[in-house]
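Engineer: What follows is a predicted structure for the sequence shown.
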Amino acid sequence: MSAVTLRWAQLYNTWYRKIDMSGDVYFEDDFSQRIIFACPFAGPIAMIKDPGMILRVKDTTSSFIKITSSCGDVFCTIEPDYYKSIVKLGWNDNERLVVVLEDGTVFIYSVHGRKLRQFHLEGECVTEGVIDCHIWGSGLVCLTGNYQLYALMDFEEPYTIKLANPGLEVEPVCWTIIEPQLSVINTLEVLVATESGTILVITRDKVEDMVISSNGPFSRLSVSPNGKYIACFTKDKSVWIVTADFSTNLTTFNTKSEPPRQLVWCGNESVICYFERHDPEKNESDYLLFMIGANLKYISYNYNEPVYLVPECDGVRIIGKNTLEFLEKVPDVTVDIFLEDSKSHSSHLYKAAELFSQENPKADKYIRLIGQELPNAVDLCIEAAGHEFDVNIQKKLLNAASFGKAFLDFYDPEYFVSMAKDLRILNAVRSYRIGIPLTYQQYNVLHVDLLISRLTHRHHHQLAYEICKYMDRRTDDVLVHWSSMKVQYDQYLSDNEMANQIVDKLKELPGVNFAQIAATAHREGRKELAIRLLDYEPRASEQVPLLITMDQLRRALAKAMKSGDTDLVHLVLIHMLRSPDISPTELQEILHEYEDVRKLWLSLCTQEGDSALAYLIDAYDYSNRPDKIARLKIEKQYDMGDELNYKKLEESQHLYEDNQYLFESAMTGNQIALLVQQNVLEQNDGRQHLGNSLSETLYDLYYYNQGSQASKLAKKFDVPPKRLSWIKLRALADVGDWEEIEKWAKNKIPIGLVPVADVCIDKENFALAAKIIKRLRNNDDKAVLFGRIGEWESALHNVKGSSDPQSVLMELFRICKDPDVKAEMQALANTI
Amino acid sequence: GPLGMVVEISLLFEYGIDKIYFLNDVKPETTARHFIYFLRPRVELTRKIAAHINSYRINGQDKNYYVYFVPRTKMICERVFEEEAVYDYITKIDDYHLDFIPLESDVISMELPTSFKECNLDGDRTTLFYVARAMMKIQFLYGIIPVVQGIGSHAQLVTEMMFRMRREMSADEPSIIPEIDNLIIIDRNCDLITPLCSQLTYEGMIDEVFVIKNGTVELPAEMVVDPTGDKQPEPGSKMTTSLNSDDSIFKETRDLNFSVLGGALNKKAVMIDEYYKKRYDAKTFAEIRDFAKKFKDFQQAHGFLRIHTNITDAVLDITRHVSFRKRLEAEQGLLAMVSPEDSWDYLNECISRQRPFSLVIRLLCLYSLTCNGIPSNVYNEVRKAIIQTYGFHHMFTLENLVSVGLLKRNISRGNSYNQLLNQFKLVVEDLDEANPNDIAYVYSGYAPLSIRILELALECKIPRSEKEGNLEQTEIFAGWGDSKTDDIMSYLPGDDRPFHAKQSLKRGMNNEDTDTNNVTMVLFLGGCTFTEISAIRFLQKKNPDREFIIATTKIVNGTTLIDTLCNKI
């Protein structure tokens, strides 16, 4: 057990340990001549030459940014022309390198040095220049030349926002930020240590002076990983620890030294000062890590080479040319198991398992000591396994857990299994080949999905793919990225071969995003490959826009049509309309070729209204449909409320001159003639006629006692006598001109007398109805109509002479409400 | 509107909605700063919003606009915003995927009234795309439907789109054992006859007389309000009443033929009456409790009964009128091919008497469909009569009718309808409307062709695919796998042919022993009528093992269908 606790050190009542991975590390560069920028979560490291060194050494070789893994594995070197104006480097959550320049330009690089994006900060970042910058996982804060603060909250949506004016006249002594997700008030806070000795807390809306009168100005500021505490290095060489709201002093520790090179938190319970001291006489340097804990206790560690401290959420990563260590507080579960003389259940279980493996019967004694707490002890051993880097100890702890499990009737294996999986992943990524020495806690905070994405972007596709499979996650992103990389880097592979290889890899995956790979191919100038790959993309909504950007409009049209998504078809058509490569005639040819598209296009243009009228006319013109143009024009005329303008109608009528439009031409001619007639009528009788139909006009004329006018008009327009009679009858009945009806009915009426009787009954003129009914010849009609006016005697009398007495009687029975008459009918029915 | 079908309006108020306005030309006068618009992706509606925004801007009012297109944004609408220079002032433009809206426990509708017109007249099949997407949503919730049958080119298009979308989205396909067995898609184009006929079921007649909209009907207030109550309505005012199966009386009468309606309502009345009488007989405590327990239901039923008696009176009044009977005779004369000449005369009389346009057009189209077109010698004459009577602009309405196949000039011998009549047994004699034994009861003798097709489709038992997993391509086969049926189907005029396809299911999802949940979804493209729904419910009663879900783009009738085709001037 001592082997485990050997490198532990106690700081007041807490244990700390260093996990040493130096065997895996080698950096080519001398850290003393480099400025280091490390990405948290065991991420990559970017380094540039220390500008001071450049001057001193007169290094004439070109300047570069070098990106390596945590272990010193070089990913790439970038040789930018803007090297001299670099203000700061940093990393975002996706392990993308962020480079901020003096003029407010921001570059985003992949770990492989590929420039992914570039944008510009705004406002005074440009006019006054950027003099310093803090970068965190999702954003950054800049200090401008006139000491204003600007923030960019999200690299994905780079809008620059200005924070409240801190009102500084000289450059701050030092400053730092509390990231929004750590802030109590959920917003970005900037802490500025001023020359005057106080600290300002600045947010977007306000500046708050913490009014600190003693100890300042502060030369170092550091925020704890949980955002709750601040460590400050004071004027009198002390480390002052205070709550983030500066309300409660926690500790003041006098180091009696110059400001440390780095002041960082190790977890949330201790602070490390890193001092580099050079003794010019002996030409020796001295590198000291000085860790301060509660109750003024401290631990110091010496190094024989310069190191750089990377604060993580649960400890500090220490990197040097030949150093890679992780310094952390020993987790409580681990302390409980391994600490000498521990009486915890978990340590009993661990011991029992050890003894059991040595076939020592004492094992049993320890198990019994644990008693009821065994399930808990098992959980704790599993948890402790997670916190170990040493695979042997992991195994021992898991063995202990599974040994304990054997004594339990029921134990949910879920935790054990998931821990075993997590450890397999952790062990894999920690290997120097991959170089991501994550702790279990960091792994949980980072989340496996982000880890997979990081591995993918580091081109560890194989491992990422396996983790996906292992953790039951979709492998799309990994494979799509792999394919995109292949397209980018395998420049000598033929389009055919490339497409085959990619399709082969991806064919097992339904719905994989081929469009993204095709987009890469297009960017790389491999158009044919892009088109081939796009053919495999199942989503038309992805295919079509890309084909449009590739100027493959006809192909895009075909795909859009096939999808049935009319909006996509519309999109292509609009691009065709604007494309300089497709002439208007060509567009018409295309429309003519695809009937469905042409119809849709016509429909869309019709919906769009005036602005698309010209397109419609073009299309009809091309397909030789003058009738459609005529209809368009007439409809337009009605739309504008100009339908009475027969001159305009005449223009449209010309379009119908072809023989196949005789009917349309005649009807339009009729309408023109009607308008002319109505105009005349209006002038004569002063009533409104224009806009009415012919029948309505005739009705009006009869209604207003202009029968002769009506006859003339009817003759002019060939109205059949039957229809005219109906119109006349309706109008006369409506106006109540029974005299005229009676007179008219004396002659032979084209529609016969039944409708006249009907109308009389409907209008309840039973007297006239009776007169007319009497004149009818058909007994069926007579019987029913008599019944309807309640003359039952006559009705029943006529039943006898009818052609179908049964049904006539039924009809009468239905109408009749008088029970006596009904009885009579019943009797009559029996006789027939 | 349909929005009311999916959310309780009071809930919106709880979430801080201030007021709900209908989208009008006039902008709402309000001090509210946030506006949420829900609209169909139509240009004229979009222009109204643009006008609102511009008008607020001129008044210097700074507001936030959120625009949601239902069910999907269209580029053409976004272009309107650009054209009117308001795009930058809109905070958010997004889709609100309101697809199928449940109208009843067995009826869902997309509420797309213009679908038939857009697909058949304009050639804009966007609504079919919406339907396919909605079907995908259904399949994601209730499992991939293993067997798809259909008839008509649009049905085939929707099927193809569904299969393509399945491939597109296959990555996210959930593992659900299918709850719906088979899907039968019927394109309205395959049966244009049915909606033209006068519906003769109770619900159908209410729709024809009063127009049912989103499951509600507007009635004269005096028909709804209790005449013995304190509050009496103003004369002439209207009241909106819900019509659905929550109404116990309506639930039992909605699908009845009108001829037996009076009797059915009477029976109900007697039953309620007897119940009220029981109050005097109740002696033991248990009896009283039993009486009290049902009291509320009966009291509610009593209220429903009053309304339905009023509606029935109004409806039956119309049926007693000569003109209704004449029209029915004319329709039946055509459907049974007994006396088309009389029907033609009646049609001309209707035109002469300037009867409502939609009635005339329904009859004209019915004539054209049953008699192989309008005889050449009177084709121009009747068109001229219509134009002279109803106005010049209806020349284009007639053009539209020709375009969608509702109207044509007779140019060939023979009449395919005669064959349809025989093959599909469209007319059933000796029908007992009180105890119907055939779907023909919904039209008092005429069996809706669409439902006859459905009956045939149901007879063809197409087995599920035996393959598992997501296949790259689901193949569509011609026919329904039964030569006799396919033979009958070949008598349908036009190019619309039946097809079927089997969708393979994911491993383990093919649980064939669930014979107990035989659910068939019938999807109508271009709308269905209330009578068709009644007929399907009748089929359901005949096959108690099978459950039907009816999906449609909209519930239509001849008038609403013709209305969408009218030249709107």
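Structural biologist: Received it, and whenever you're ready, just let me know what you need.
Engineer: Number of residues surrounding residue A:644?
Structural biologist: 14 (other C-beta atoms under 10 Å in any protein chain shown). Every C-beta, even on glycine, is put in place using the N, C-alpha and C of the backbone.
Engineer: What distance do you get for residue A:702 to residue A:731?
Structural biologist: 3 Å (C-beta to C-beta, to the nearest Å).
Engineer: A helix includes residue B:136, no?
Structural biologist: Yes: membership of residue B:136 in a helix is supported by DSSP: H, G, I helix; E, B strand; the rest coil.
Engineer: dump the residue contacts of the residue lying closest to it once chain neighbours are set aside.
Structural biologist: Closest residue to residue B:136 apart from its sequence neighbours, by C-beta to C-beta, 6 or more residues apart in numbering or on different chains: residue B:165 at 5.0 Å. Contact partners of residue B:165, counting by C-beta atoms under 8 Å, 6 or more residues apart in numbering or on different chains, are B:132, B:133, B:136.
Engineer: What subset of these is buried?
Structural biologist: Buried subset of the contacts of residue B:165 (neighbour count, 16 or more other C-beta atoms under 10 Å in any protein chain shown): B:132, B:133, B:136.
Engineer: need the strands for the stretch 401-550 of chain B, in chain order.
Structural biologist: B:476-478, B:498-502, B:518-525, B:546-552 (DSSP state E, counting those that start in this stretch).
Engineer: want to throw these into CSV with distance to chain A?
Structural biologist: Shown next, in CSV, are the strands of the stretch 401-550 of chain B (distance: least, C-beta to the nearest C-beta, whole Å):
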stretch, distance to chain A
strand B:476-478, 14
strand B:498-502, 16
strand B:518-525, 13
strand B:546-552, 18
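Engineer: Is it possible to get a markdown table of those strands that adds mean pLDDT and mean neighbour count?
Structural biologist: A markdown table is the format used below for those (pLDDT from 0 to 100; neighbours: other C-beta atoms under 10 Å in any protein chain shown):
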| stretch | mean pLDDT | mean neighbour count |
| --- | --- | --- |
| strand B:476-478 | 90 | 13 |
| strand B:498-502 | 93 | 22 |
| strand B:518-525 | 94 | 24 |
| strand B:546-552 | 95 | 21 |
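Engineer: Can you tell me what sits against stretch A:194-211?
Structural biologist: Stretch A:194-211 has contacts (C-beta under 8 Å, 6+ apart) with A:149, A:151, A:161-168, A:170-173, A:185, A:187-193, A:212-218, A:221, A:232, A:235, A:246.
Engineer: Tell me the residue of the stretch 101-250 of chain A that sits nearest chain B?
Structural biologist: As assessed by C-beta to the nearest C-beta, chain B sits closest to residue A:157 within the stretch 101-250 of chain A, at 15.2 Å.
Engineer: Could you list every helix and strand in contact with the longest helix seen in chain A?
Structural biologist: In terms of residue count, the longest helix belonging to chain A (DSSP state H) is helix A:662-685. If you count contacts as 3 or more C-beta pairs under 8 Å, 6 or more residues apart in numbering or on different chains; DSSP states H and E, helix A:662-685 packs onto helix A:626-639, helix A:646-655, helix A:694-703, helix A:707-716, helix B:376-390.
Engineer: deepest of those, which one?
Structural biologist: helix A:694-703 (a mean of 23; mean count of other C-beta atoms under 10 Å in any protein chain shown).
Engineer: Look up how far residue B:434 lies from the closest residue to residue B:429 other than its chain neighbours.
Structural biologist: Nearest non-adjacent residue to residue B:429, counting by C-beta to C-beta, 6+ apart: residue B:445, 7.2 Å away. Going from residue B:445 to residue B:434 by C-beta to C-beta gives 14 Å.
Engineer: show me the contacts for whichever residue of the stretch 251-400 of chain B sits closest to chain A.
Structural biologist: Going by C-beta to the nearest C-beta, chain A is nearest to residue B:352 of the stretch 251-400 of chain B, at 3.7 Å. Counting by C-beta under 8 Å, 6+ apart, residue B:352 makes contact with A:722, A:723, A:725, A:726, A:727, A:751, B:385, B:389.
Engineer: could these go into a markdown table alongside distance to residue A:648 and secondary structure?
Structural biologist: Formatted as a markdown table, the contacts of residue B:352 follow (distance: C-beta to C-beta, whole Å; DSSP: H, G, I helix; E, B strand; the rest coil):
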| residue | distance to residue A:648 | secondary structure |
| --- | --- | --- |
| A:722 | 34 | helix |
| A:723 | 29 | helix |
| A:725 | 35 | helix |
| A:726 | 33 | helix |
| A:727 | 29 | helix |
| A:751 | 38 | coil |
| B:385 | 26 | helix |
| B:389 | 24 | helix |
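Engineer: Between which two of those is the distance greatest?
Structural biologist: A:751 and B:389 (15.5 Å; C-beta to C-beta).
Engineer: Point out the residues in the stretch 251-400 of chain B that sit beside chain A.
Structural biologist: Proximity of the stretch 251-400 of chain B to chain A, by C-beta under 8 Å from any C-beta of the partner chain, involves residues B:320, B:322, B:348-349, B:351-354, B:380, B:383-385, B:387-393, B:395-396, B:399.
Engineer: okay, and for the chain, where does confidence drop off?
Structural biologist: No chain in the question, so chain A it is. Along chain A, the parts satisfying pLDDT under 70 run over A:1-2, A:51-62.
Engineer: wrong one, I was asking about chain B
Structural biologist: Counting by pLDDT under 70, chain B shows low-confidence ranges at B:1, B:282, B:469-472, B:511-517, B:569.
Engineer: Give me the nearest residue to the residue in it positioned nearest to chain A, chain neighbours excluded.
Structural biologist: The minimum distance from chain B to chain A, using C-beta to the nearest C-beta, falls at residue B:123 (2.5 Å). Leaving aside its sequence neighbours, residue B:123 sits nearest to residue A:599 (C-beta to C-beta, 6+ apart; 2.5 Å).
Engineer: isn't that neighbour right next to residue B:122, touching?
Structural biologist: Yes: here residue A:599 reaches residue B:122: they are 6.8 Å apart, a contact under C-beta atoms under 8 Å.
Engineer: For chain A, tell me whether the host helix or strand of residue B:564 is touching it.
Structural biologist: Assigned by DSSP states H and E, residue B:564 belongs to helix B:558-565. No: judged by C-beta under 8 Å from any C-beta, helix B:558-565 stays clear of chain A, getting no closer than 13.9 Å.
Engineer: Nearest residue to residue B:108 in space, ignoring adjacent ones along the chain?
Structural biologist: The nearest residue in space to residue B:108 (C-beta to C-beta, 6+ apart) is residue B:100, at 4.0 Å.
Engineer: That neighbour contacts residue B:112, correct?
Structural biologist: No: the criterion here is C-beta under 8 Å, and residue B:100 misses it with residue B:112 at 10.5 Å.
Engineer: which of those two has more neighbours?
Structural biologist: Between residue B:100 and residue B:112, residue B:112 has the larger neighbour count (other C-beta under 10 Å), namely 25 against 21.
Engineer: Under a three-state scheme, what state does the spatially most central residue of chain A occupy?
Structural biologist: The centre of chain A sits closest to residue A:156, judged by C-alpha atoms, centre = their mean, with a distance of 12.3 Å. Three-state call for residue A:156 (three-state DSSP): coil.
Engineer: Run through the residues of the stretch 351-500 of chain A sitting next to chain B.
Structural biologist: Listed as neighbours of chain B in the stretch 351-500 of chain A under the rule C-beta under 8 Å from any C-beta: A:474, A:476.
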